[in-house]
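1. Whatever this is, show me its structure:
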Amino acid sequence: MTNTPWTKQEFEQKLREKGAYYHIHHPFHQRMNQGLCGVEEIRGWVANRLYYQMAIPVKDAAILANCEDQEVRRAWIQRVIDHDGREGETGVGGIEAWLRLGEAVGLQRSELLDETHLLPAVKFAVNAYVNFARRATWQEAACSSLTEMFAPEIHQSRLDTWPTHYTWIDNEGFTYFQMRLSQARRDVEHGLQITLDHFTTRSQQELALNILQFKIDVLWSIADAICFAYEYGRKPFDGIADQRICHKGRF
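-> Numbers count the residues shown, from 1 in each chain. Got it, this is the predicted structure:
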């Protein structure tokens, strides 16, 4: 077993090869892009993914809090602004755009924000990611963001297929995907440079690959939970509340 570091070109290629495990390949995402999902499945996905969208600026704020490099902070803070937005209509951020996607698929803003449809496994996976960003070094947390290398493809696939397959969705709902096409490409350039510059030994490079795989696992787990609940109709705790009502007074 060699301890020789990969060159930056080899290391970048290893990172990009992780795209083979990105959740664009998850069966649920493939069904969505093939137009095979029903209304409840689309709504369930949108409602649950909101929790992830709202966690992104929290994760990025954790990276900022741990980062002592002023130049990095100046660049990284744009990610928080991208999702939180600025005051006024011209400052619409990713979270607001996602809420509008929710409304476009027929969900009320109130039920999105009060986590009415949030699945426990989704909450657990997203919180694990945020906690990682808080506890890891800022370079490690920045590396975990490199799933953005694969994000433009998944956003473009939705823009290419959803307007045709899901004509019942208001076109304004697609704004988030359009926004992220350029933002993700910009973010990748910055995050990739940090990773290539910081992880220089072979052991560090292998750690970076494991970190990126962890983030991929988080996204895949979210898709698993949504698939199980909405495609297969196995939502957590289904029937338990009714059982308790039926057995009330027996003990």
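
2. number of nearby residues for D197?
-> Neighbour count for D197, taken as other Cβ atoms under 10 Å: 10. All C-beta atoms are positioned from the backbone trio N, CA, C, and that covers glycine.

3. Read off the pLDDT value for it.
-> Here, the pLDDT recorded for D197 equals 97.

4. so how far is the helix or strand containing it off the chain centroid?
-> Using DSSP states H and E, D197 sits within helix 175-198. With Cα atoms, centre = their mean, to the nearest Å as the basis, helix 175-198 stands 13 Å off its chain's centre.

5. Show me what that helix is packed against.
-> For helix 175-198, the contact count by 3 or more Cβ pairs under 8 Å, 6 or more residues apart in numbering; DSSP states H and E identifies helix 8-17, helix 70-84, helix 94-104, helix 138-144, helix 151-165 as packing neighbours.

6. Flag every buried residue along it.
-> Within helix 175-198, the residues scored as buried using 16 or more other Cβ atoms under 10 Å are 175-177, 179-180, 183-184, 187-188, 190-192, 194-196, 198.

7. for A62, what are its contacts?
-> If a contact means Cβ atoms under 8 Å, 6 or more residues apart in numbering, then A62 has V130, A133, R134, A141 as its contacts.

8. Throw these into CSV and include secondary structure, neighbour count and pLDDT, thanks.
-> Shown next, in CSV, are the contacts of A62 (DSSP: H, G, I helix; E, B strand; the rest coil; neighbours: other Cβ atoms under 10 Å; pLDDT from 0 to 100):
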residue, secondary structure, neighbour count, pLDDT
V130, helix, 18, 98
A133, helix, 24, 98
R134, helix, 15, 98
A141, helix, 25, 98
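
9. tell me which of the buried residues of helix 175-198 is nearest to E115?
-> If you rank the buried residues of helix 175-198 by distance to E115 using Cβ to Cβ, Y176 comes first, at 19.0 Å.

10. gap between the nearest residue to that closest one once chain neighbours are set aside and D84?
-> Spatial nearest neighbour of Y176, excluding adjacent residues (Cβ to Cβ, 6 or more residues apart in numbering): A97 at 3.9 Å. Using Cβ to Cβ, to the nearest Å, A97 is found at 11 Å from D84.

11. Those two: which is more packed in?
-> Each of A97 and D84 has its neighbours counted (other Cβ under 10 Å); A97 has more, 22 against 18.

12. Just give the number of residues close to Q70.
-> 8.

13. got it, and V122?
-> Neighbour tally, V122, other Cβ under 10 Å: 26.

14. Name the helix or strand for it, please.
-> With DSSP H and E as the test, V122 turns up in helix 120-135.

15. quick revisit: ok, of the buried residues of helix 175-198, which one's closest to T164?
-> For the buried residues of helix 175-198, the nearest to T164 is F177 (14.2 Å; Cβ to Cβ).

16. picking up where we left off before, tell me which residues in the helix holding V122 are buried?
-> Using 16+ other Cβ under 10 Å as the test for burial, helix 120-135 gives A121, V122, K123, A125, V126, Y129, V130, F132, A133.

17. which residues touch the second one?
-> Looking back up the chat, that one is V122. By Cβ under 8 Å, 6+ apart, the contact list for V122 reads N48, Y51, Y52, I222, A225, I226.

18. hmm, back to that, quick one: closest of the helices and strands packed on helix 175-198 to G239.
-> Checked against Cβ to Cβ, the stretch from the helices and strands packed on helix 175-198 lying closest is helix 94-104, at 26.8 Å.
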